[in-house]
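Chemist: structure for the following, please:
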Amino acid sequence: MANPLSRLLRRDSLRDHVRRAVESGVGVYHTTWRLPDDERSLDLKREVIAWCREMLSRTHRPYGMDYVTLALAVIARDNRIVSSANLGILRPIDFYGEGAAERQVAAALQDWATHEAPPGARLSAVLFSWGDLTRELLPTG
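Modeler: Numbers count the residues shown, from 1 in each chain. Predicted structure coming up:
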């Protein structure tokens, strides 16, 4: 049985590995779109979901771990965050057939299109793959 100090050192080491991996971009996928000034949020929803599906096809899924987290933010021209939404932990199936991700993205875009997004704003999306992070942290050879 390991002593408490060695357990603490191992835990901190894992935290350091996770922090370094995320800071270096492991599992992080990002893009932006210009927010339409009119009522075309349905078209933008389709673009966001299509981008998510494309990024999902690139992720790793060790031991079946296919979880992702999606965050969206409206960014003003001066790079100020106007509004944001964290869609939480999702699975690939949530991006198909009117799944949870599709409904949440549509709701956020509709809300921002009607009263929050300033003219010239853009939509920023970040998709984080828990599988990519897990694969990075798995012991090698």
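Chemist: what's the spacing between Leu127 and Ala71?
Modeler: 8 Å (C-beta to C-beta, to the nearest Å). C-beta here means a position set from N, CA and C on the backbone, and glycine is covered the same way.
Chemist: which of these two has more neighbours?
Modeler: Leu127 (26 against 15; other C-beta atoms under 10 Å).
Chemist: is it true that the more buried one lies in a strand?
Modeler: Yes. Assignment of Leu127 by DSSP: H, G, I helix; E, B strand; the rest coil places it within a strand.
Chemist: tell me the SS of the closest residue in space to Met55 that isn't next to it in sequence?
Modeler: Counting by C-beta to C-beta, 6 or more residues apart in numbering, Tyr29 is the residue found nearest to Met55 once chain neighbours are left out, at 4.3 Å. Recorded secondary structure, Tyr29: strand (three-state DSSP).
Chemist: Tyr29 against Glu54, yeah?
Modeler: No. Counting by C-beta atoms under 8 Å, Tyr29 stays clear of Glu54, with 9.1 Å between them.
Chemist: neighbour count: these two, which is higher?
Modeler: Higher neighbour count among Tyr29 and Glu54: Tyr29, with 20 against 12, using other C-beta under 10 Å.
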